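**Student:** Sequence first, predicted model second:
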Amino acid sequence: MKSMFFLLVLASYYFHPLLANAEAQMQAAMVILGIQVLIGLVIAHFLGRYRQMGFGWCLFFCIFFTPIVGFIAVMLNSKYYDPTPKPSSTKFYVGLVMVVLFSIGIIGFLSNPKILSLNPNSIGLYIGFVGWGIYLIQRSYGVSFHDGQITKVE
């Protein structure tokens, strides 16, 4: 019961920045980031490496978005032994627009510390969307990120 209370206190510090000082916010953010990384590693190891998305991209999506979004992205991805998708110009242009727009957003955040201080968690989402754009650009060429270590057993 105490651990549940501790997690609720950490969550309240994380989601309500006016309730705590900066040091407590940083500690809560580090704990939550650590939990996200551990859950992301589990999802990437047990699910991501069996999909065309691969271990690395699965871990990236689990860290920069949430493990739930990473899990959904992995489950929507095709399995490693399925044929790779055909090249697509739509994925390329959507990915390119995402990279350009969210890169401008990152530059805007970094150039004005006042904006970054209002919501420091937003820059992580912007980095995640830039990564998603890069992923779409690479997938538009028909690339599979599976490392080839696992083979299908009939």
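**Tutor:** That came through, no problem.
**Student:** what does the helix or strand where residue 135 lies rub up against?
**Tutor:** Using DSSP states H and E, residue 135 falls within helix 122-140. Contacts to helix 122-140, defined as C-beta atoms under 8 Å, 6 or more residues apart in numbering, come from residues 57, 60-61, 64-65, 85, 87-92, 94-99, 102-103, 105-106, 109-110, 116, 145. Placement of C-beta: from N, CA and C, glycine included.
**Student:** go on, stretch 102-112?
**Tutor:** 115, 116, 122, 123, 126, 127, 129, 130, 133.
**Student:** which residue ranges form the strands in this structure?
**Tutor:** Taking DSSP state E as the criterion, the chain contains no strands.
**Student:** low-confidence ranges in it?
**Tutor:** 1-22, 146-154 (pLDDT under 70).
**Student:** most centrally placed residue in it?
**Tutor:** Among the residues of the chain, the one closest to the centroid is residue 61, at 2.4 Å (C-alpha atoms, centre = their mean).
**Student:** tell me the contacts of it?
**Tutor:** Taking C-beta under 8 Å, 6+ apart, one finds 69, 70, 73, 74, 128, 131, 132 in contact with residue 61.
**Student:** Buried ones in stretch 52-70, by neighbour count?
**Tutor:** For stretch 52-70, the buried set under the neighbour-count rule, 16 or more other C-beta atoms under 10 Å, comprises 52-55, 57-65, 67, 70.
**Student:** Which of these fall in helices?
**Tutor:** Residues of the buried residues of stretch 52-70 located in helices (DSSP state H): 54, 55, 57, 58, 59, 60, 61, 62, 63, 64, 67, 70.
**Student:** circling back: from the contacts of stretch 102-112, list just the buried residues.
**Tutor:** 123, 126, 127, 129, 130, 133.
**Student:** I'm done for today, thanks for sticking with me.
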